[in-house]
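1. what's the 3D shape of this:
(one chain, ligands or ions: 1)
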Amino acid sequence: MDGRISGGTGVGTVANVRSNLPNIRSNLQGPSSGNGRRMTSKKTRSKKGKRRKRRRNKKTKTNKTPPYLPPEAEEGNIEYKLKLVNPTQYRFEHLATQLKWRLQEGRGEAVYQIGVEDNGLLVGLSEGDMRASLKTLRRMAEKVGADITLLREREVDYDSDRNCRKIAEVLVRKVPDDQQFLDLRVAVLGNVDSGKSTLLGVLTQGELDNGRGRARLNLFRHLHEIQTGRTSSISFEILGFNSKGEVVNYSDSRTAEEICESSSKMITFIDLAGHHKYLKTTIFGLTSYCPDFAMLVVSANTGIAGTTREHLGLAMALKVPIFIVVSKVDLCAKGTVERTVRQLEHVLKLPGCNKVPMVVASPDDAVTAAQQFAQSSSITPIFTLSSVSGESLDLLKVFFNILPPLSNSKEQEELMQQLTEFQVDEIYTVPDVGTVVGGTLYSGVCREGERLVVGPTDEGRFLRLKVGSIHRNRSACRVLRAGQAATLALGNFDRSLLRKGMVMVSPKMNPTICWQFEAAIVLLFHAKTFRRGFQVTVHVGNVRQTATVECLHGKEELRTGERAVVCFRFIKHPEYLRMGAKLLFREGVTKGIGHVTSLLPDSHDQNQIHDQNQREIEK
Ligand SMILES: Nc1nc2c(ncn2[C@@H]2O[C@H](COP(=O)(O)OP(=O)(O)OP(=O)(O)O)[C@@H](O)[C@H]2O)c(=O)[nH]1
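-> Numbers count the residues shown, from 1 in each chain. Take a look at the predicted model:
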């Protein structure tokens, strides 16, 4: 991969490209043409001509604005280095420590920009200095047990007096000692038939589609899904990358275990249903599985259709950063693809969205998009590709390989220090294993053999259990850390006592349960009157239950766009909720979002239940 950076443009960053546009123009325009004085003598004309030529030469030689990146940030996983040529032992040790810190900031991934000053100026290095610098970086990586991949090397030519100089962008990856691989979760959204399952099939199986659904066949779970070609349940698919940035998937007839073993980075796709009637499941996937990103698939030939807008709105309401894949470009003319992209750009730029669309057309763009996307959630990369011809699929893979996790190591560390809390999303009975629960560890760590309590039951109680084996991506794992999804074997624990939406927590937590809670909400859309007595489906994390609006503080009723603090009451059973948790509710076209502001103890037997739980925990 290489490219050329000329004066006046930053390295493809959307912001830089924009702010430098006037510079590029003024460089291109040259001196002004001087209107209204046509009758000049030949001599004056030639003298002026020479002067202009001199000025022009001077301008092209020295007057180009040097290209730059935004100044280096102290925090985060990006480091600028002007050069790393023959460092002393002392400096080398310092550099290695610094690399370790940057890796920690990026939870195992760091990007080094070589030939760049701390203020972002792209100075560039000679061929020899670049070679020596990359050698040092490799040694530094070896020292900390990391691998490096050269993402791109580009020429800087803003000063034509100097010989060609280069800057290099290098990805350093180290799987933390206590982890098997780096893990990212991507929720896949999009209208029915937009090509979501097919794209996942192609990425994870490594075989192109035939346009009639061959690639998606491996992903379906239910007979009716195979018959209708529609996804109704949530499925998980994995795509791995090894330390060299190469794809690891099922193409070499591997098992999931082999893929996990050979990968240093793993993308877990959460394939959500596209049809409107499965919207509940789609929302559950977004709220419960805590995806790092959402990929919205839009078919090039239909453009924004069906549930596309709704899915985009949901991801934005839940603050899940979104990027877009325009699929099926093989089916339509270039003009149609461009029209769909323009339509998307228009919607993304609307005041409600406020996004900066960024069309990815080259591997270089894909690298920039991954970095920009991670730094600013308003940047929205748009890919245009085909799962049948394979066109531009590689750009998406480049993007996935570089895409860093959003939360930094500090946030992760904090969550790991908290008490164990595992959200139960799925319940299975596995022959010879017994009851198994699937879900995500929200906080703390969870080990094989750990004793936890699960609940709340319909009576609001928590029951003791012991965690057997733990599996992640279908392979065994001894310790589960906050943010990771897994399945936990619970031996002969009675499956009928469990339900989706429960939590398994440390007995030390003394978990509170609630029938009623208050939330600060904003009503996004309503058809019927939103007032006391209205019933909605409430989604909070993995909790999904119908609740009645008990009262609206200070208001009789609520209209679209209005805010209020509302008291909800669950209709079936109590739930475990966290203060501050994001909430989404809906009923038909009525929709709103908000966050939990207080948990209201209301049940007369609350104290009794609390005492019972306490006894259970202390047993
Ligand atoms: N020509 C062409 N056909 C495609 C492409 N991607 C998907 N298809 C076809 O489009 C149809 C629908 O694709 P799916 O992957 O099932 O769509 P989906 O978005 O997963 O649909 P739901 O699961 O119902 O939400 C299938 O017949 C695919 O073969 C593509 O890039 N080009």
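
2. list the contacts for Leu237?
-> Residue 237: Glu, not Leu. 200, 203-204, 219, 268-269, 271 (C-beta atoms under 8 Å, 6 or more residues apart in numbering). C-beta coordinates here come from the backbone N, C-alpha and C atoms, glycine included.

3. so which of the residues you listed is the most crowded?
-> Leu200 (28 neighbours; other C-beta atoms under 10 Å).

4. is the helix or strand it falls within positioned near the ligand?
-> Using DSSP states H and E, Leu200 sits within helix 196-205. Yes: using C-beta under 6 Å from any ligand atom, helix 196-205 comes into contact with the ligand via 196-198.

5. mark which of those are buried, thanks.
-> 196-198 (16 or more other C-beta atoms under 10 Å).

6. now those residues in TSV, with pLDDT?
-> Formatted as TSV, those follow (pLDDT from 0 to 100):
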residue	pLDDT
Lys196	90
Ser197	87
Thr198	90
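
7. just the helices in the stretch 51-200 of the chain please.
-> Assigned by DSSP state H, counting those that start in this stretch, the stretch 51-200 of the chain shows helices spanning 89-105, 127-144, 196-205.

8. and the last one, what does it pack onto?
-> The reference is to helix 196-205. Using 3 or more C-beta pairs under 8 Å, 6 or more residues apart in numbering; DSSP states H and E, the elements in contact with helix 196-205 are strand 182-190, strand 235-241, strand 265-271, strand 322-327, helix 393-402.

9. out of the ones you listed, which gets the lowest mean score?
-> Within these, confidence is poorest for strand 235-241, with a mean of 82 (mean pLDDT).

10. sheet-wise, list the partners of it with their directions.
-> Taking DSSP bridges as the criterion, strand 235-241 forms sheet pairs with strand 247-248 (antiparallel), strand 265-271 (antiparallel).

11. of all the residues in it, which ones are buried?
-> Result for strand 235-241 [16+ other C-beta under 10 Å]: buried residues 235-241.

12. could those go into JSON lines alongside distance to the ligand?
-> Shown next, in JSON lines, are the buried residues of strand 235-241 (distance: C-beta to the nearest ligand atom, whole Å):
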{"residue": "Ser235", "distance to the ligand": "10"}
{"residue": "Phe236", "distance to the ligand": "14"}
{"residue": "Glu237", "distance to the ligand": "12"}
{"residue": "Ile238", "distance to the ligand": "17"}
{"residue": "Leu239", "distance to the ligand": "16"}
{"residue": "Gly240", "distance to the ligand": "21"}
{"residue": "Phe241", "distance to the ligand": "22"}
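
13. check the gap between Leu184 and Gln205 for me.
-> 19 Å (C-beta to C-beta, to the nearest Å).

14. quick one: low-confidence parts of this protein?
-> 1-66, 158-163, 177-180, 213-235, 253-254, 273-277, 406-410, 474, 601-619 (pLDDT under 70).

15. so Met416: helix, strand or coil?
-> Look at Met416: counting by DSSP: H, G, I helix; E, B strand; the rest coil, its state is helix.

16. the residue nearest to the spatial centre of the chain bridge partners, please.
-> The structure's the chain has its C-alpha centroid closest to Phe293; by C-alpha atoms, centre = their mean the separation is 2.4 Å. When bridges are called by DSSP bridges, Phe293 pairs up with Val186.

17. got a list of what it touches?
-> 184-187, 320-323, 403, 406.

18. and for Thr560?
-> 523-526.

19. what does Cys567 give?
-> 516-518, 549-553, 600.

20. element containing the closest residue to it other than its chain neighbours?
-> Among residues not flanking Cys567 along the chain, Glu550 sits closest, at 4.3 Å (C-beta to C-beta, 6 or more residues apart in numbering). Secondary structure assigned from DSSP H and E places Glu550 in strand 543-552.

21. now swap in Phe585 and tell me
-> strand 582-587.

22. show me what that strand is packed up against.
-> helix 279-288, strand 516-525, strand 535-540, strand 590-600.

23. what angle sits between that strand and helix 279-288?
-> 170 degrees (axes from the mean of the first three to the mean of the last three C-alpha atoms, to 10 degrees).

24. parallel or antiparallel, list what pairs with strand 582-587.
-> strand 535-540 (antiparallel), strand 590-600 (antiparallel).

25. out of those, flag the one nearest Pro87.
-> Across the strands paired with strand 582-587, Pro87 has its closest neighbour in strand 590-600 (49.0 Å, C-beta to C-beta).

26. could you report the neighbour count for Tyr428?
-> Tyr428 has 13 nearby residues by other C-beta under 10 Å.

27. excluding its backbone neighbours, what's nearest it?
-> The spatial neighbour of Tyr428 that comes closest, neighbours along the chain excluded (C-beta to C-beta, 6+ apart), is Val436 at 4.6 Å.

28. equivalent analysis for Ala317, please.
-> Closest to Ala317 by C-beta to C-beta, 6+ apart is Ile593, at 4.5 Å.

29. which residues touch the one you found?
-> 317-318, 521-522, 524, 582-585.

30. mind checking how far it is from the ligand?
-> As judged by C-beta to the nearest ligand atom, to the nearest Å, Ile593 and the ligand stand 24 Å apart.

31. give me the neighbour count for the nearest residue to Lys244 once chain neighbours are set aside.
-> Ranked by C-beta to C-beta, 6+ apart and with sequence neighbours excluded, the top spatial neighbour of Lys244 is Thr149, at 6.1 Å. As a burial measure, Thr149 scores 17 neighbours (other C-beta under 10 Å).

32. what do you get for the one 3 residues further on?
-> Burial of Arg152, expressed as a neighbour count using other C-beta under 10 Å, amounts to 19.

33. wait, isn't it in contact with Val367?
-> Yes: contact criterion C-beta atoms under 8 Å: Arg152 and Val367 qualify, at 5.7 Å.

34. just to revisit the earlier point, which one of the residues of helix 196-205 next to the ligand is nearest Val503?
-> For these, the nearest to Val503 is Lys196 (29.6 Å; C-beta to C-beta).

35. what values do phi and psi take at Val175?
-> Main-chain torsions, Val175, degrees, to the nearest 10: phi -70, psi 120.

36. count the neighbours of it for me.
-> 20.

37. contacts only, for it.
-> Counted by C-beta under 8 Å, 6+ apart, Val175 has contacts 108, 181-182, 264.
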